[in-house]
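Chemist: build me a structure from this.
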Amino acid sequence: MRFPFLTDAMKDAMTDHISLVLFDLDDVLCHYDRSARIAHIAAVVGRDAQAVRQAIWDSGLEGRADAGLVSDADYLDELGALLSYPLTLDDWLDARRAAMTPDPEAIALAGAVAAQHRVAVLTNNCCLLADHIHYLCPPVARVFGAQVYASASFGAAKPSPDLYRRCVAHLGVAPAEAFFIDDVEANVTGAIEAGLRAYRFTGNEALARELAYHRLL
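Modeler: Model (predicted):
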């Protein structure tokens with residue numbers, strides 16, 4: 001909703017209360033191709049795509065890892081057991097990297113925000129992704145540094161409101177002072193339920209307008 005009658009002073013007052021801008025990773029800052037990840041692992045383990053999909057997602061393993069219900073080491077061990085192959089960390093990282101294509105325009109927007117405001121990434125993933133973001137997606141790492149957080153580290157996954165509350169508490173920010181950007185409507189709804197301001201990403205042009213509206217650019 002927009003309020004065209006707001007004065008510049010009123011808009012400035014609104015923006016003063018945004019002290020943190022949280023970005024989703026996959027399909028916001030980078031394009032995520034699950035099929036590429038599946039194909040890479042399938043080639044490594046000598047199984048077909050369906051077997052890989054079953055092991056990672058249909059089994060519920062990925063969801064448990066995202067929610068922090070299984071450690072990174074156990075995640076890799078369990079995935080290897082499901083695929084009957086001793087999958088290594090490097091195997092997992094190479095497959096994840098193959099699925100991620102940085103979006104230069106979105107990352108540039110994040111960099112412009114970061115020039116004046118605090119920024120971080122909050123992504124549904126196990127901690128392996130956050131720990132190795134410099135290898136997986138260097139352009140994102142250059143903007144966000146160590147401020148890339150996996151849902152697993154907070155013991156919950158999107159769209160659970162608990163995830164957002166725990167994340168902003170960890171960062172020392174009140175929910176109402178955080179602005180969250182995600183491409184999934186349910187995740188946006190979960191953030192709003194947690195007390196954050198949130199926006200559904202549909203493209204870089206629209207995001208630029210939204211950020212400008214909130215005086216974040």
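Chemist: specify the beta-bridge partners of Asn23.
Modeler: Residue 23: Phe, not Asn. Listed by DSSP bridges, the beta-bridge partners for Phe23 are Val121, Ile181.
Chemist: what ranges do the strands span in the protein?
Modeler: Per DSSP state E, the chain has strands spanning 20-23, 30-32, 100-102, 119-123, 148-150, 178-182, 197-200. These are given in chain order.
Chemist: what is the fifth one packed up against?
Modeler: Applying 3 or more Cβ pairs under 8 Å, 6 or more residues apart in numbering; DSSP states H and E, we find strand 148-150 packed against strand 119-123, helix 127-131. Any C-beta I mention is one placed from the backbone N, CA and C, and that applies to glycine too.
Chemist: how about the third one?
Modeler: Contact partners of strand 100-102 among helices and strands, from 3+ Cβ pairs under 8 Å, 6+ apart: strand 30-32, helix 138-144.
Chemist: show me what that strand is in contact with.
Modeler: Contacting residues not belonging to strand 100-102 are listed as Asp26, Leu29, Cys30, His31, Tyr32, Asp33, Leu136, Cys137, Pro138, Pro139, Val140 [Cβ atoms under 8 Å, 6 or more residues apart in numbering].
Chemist: any stretches of the chain with poor pLDDT?
Modeler: Within the chain, the ranges that satisfy pLDDT under 70 run 1-16.
Chemist: residue nearest the centroid of it?
Modeler: Thr123 (2.4 Å; Cα atoms, centre = their mean).
Chemist: leaving out chain neighbours, which residue sits closest to that one?
Modeler: Excluding the flanking residues, the one nearest Thr123 by Cβ to Cβ, 6 or more residues apart in numbering is Leu25, at 3.9 Å.
Chemist: the residue nearest to the centre of the chain touches Tyr149, doesn't it?
Modeler: Yes - using Cβ atoms under 8 Å, Thr123 is in contact with Tyr149, at 7.3 Å.
Chemist: between the two, what contacts are shared?
Modeler: Listed contacts common to Thr123 and Tyr149 are Ala130; contacts here mean Cβ under 8 Å, 6+ apart.
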